[in-house]
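Q: Predicted coordinates and the sequence they were generated for:
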Amino acid sequence: MNTHKLCLIGPSAVGKTSLIRQFVEGIFSEKYLTSIGVKIDKKQVNTELGGVLFLIWDIEGTDQFCGFNPRYLNGASAYIVVVDQTQPSSIDDAIIIYQQAIAASNADVYLAINKNDLTSQVSEQQLESLTSLKFKRVISTSAKTGENVANLFTEIATSLLAKLS
């Protein structure tokens, strides 16, 4: 069994913890609790290429009082930048986080545009400026409905295993 560290990073309140809970436990809660520091979950993913045990790091969101700490990415095989399509400011924040992250880590980086069950408030120009960055994959997700959540983690697992073969 291959074990890989996978980090979720992004601005505060974009749904990082909710994506992880949906993936690991299959549940969603409307209650918002701010993550402080790092919470680590484990989940095994089976693909056609084999199994991966993810150590999923839920890293506290950034805001005006707390910046992103790139040291959390040490040893990560991949990381996911999460944005909220109902929160336009999360796009600009995510671009800054992305730039800091790629300077600190050469791991594969994915983009999850979360809350696709709600109407997007993000302009096409904002979205293009974000998606034009070098993400391995951009995927639209909903932690609430579960849409594309398992697909995202399975795709990452498959990609990591393909690198080993």
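A: Received the coordinates, thanks.
Q: Go ahead and confirm Thr47 touches Leu161.
A: Yes: the criterion here is CB atoms under 8 Å, and Thr47 meets it with Leu161 at 6.2 Å. No exception for glycine: its C-beta is placed from N, CA and C like everyone else's.
Q: Nearest residue to the middle of the protein?
A: Taking CA atoms, centre = their mean, the centroid of the chain lies closest to Ile80, which sits 2.9 Å from it.
Q: how far away is it from Gly146?
A: According to CB to CB, to the nearest Å, Ile80 stands 16 Å off from Gly146.
Q: residues near Thr145, how many?
A: By other CB atoms under 10 Å, the residues close to Thr145 number 13.
Q: just the strands in the protein please.
A: Listed in chain order, the strands of the chain (DSSP state E) span 2-9, 38-47, 50-59, 76-84, 108-114, 137-140.
Q: and the second one, what does it pack onto?
A: Contact here means 3 or more CB pairs under 8 Å, 6 or more residues apart in numbering; DSSP states H and E; on that basis strand 38-47 packs against helix 16-25, strand 50-59, helix 149-164.
Q: starting at the chain centroid, how far to the first one?
A: To tie it back to what came earlier, the one meant is helix 16-25. 10 Å (CA atoms, centre = their mean, to the nearest Å).
Q: what does the longest one give?
A: With CA atoms, centre = their mean as the basis, helix 149-164 stands 13 Å off its chain's centre.
Q: shaky segments in this protein?
A: Applying pLDDT under 70 to the chain flags residues 32-37, 63-67.
Q: go with 90
A: Where the chain drops to pLDDT under 90, the residues are 1, 27-38, 59-71, 164-165.
Q: hang on, the earlier thing: now the helices and strands packed on strand 38-47 in JSON lines, with mean neighbour count and distance to Ser120?
A: Listed next are the helices and strands packed on strand 38-47 as JSON lines, based on neighbours: other CB atoms under 10 Å; distance: least, CB to CB, whole Å:
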{"stretch": "helix 16-25", "mean neighbour count": "22", "distance to Ser120": "17"}
{"stretch": "strand 50-59", "mean neighbour count": "19", "distance to Ser120": "24"}
{"stretch": "helix 149-164", "mean neighbour count": "17", "distance to Ser120": "18"}
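Q: Leu19 contacts Ala150, doesn't it?
A: No: counting by CB under 8 Å, Leu19 stays clear of Ala150, with 10.5 Å between them.
Q: which parts of stretch 133-144 are buried?
A: Phe135, Ile139, Thr141, Ser142, Ala143, Lys144 (16 or more other CB atoms under 10 Å).
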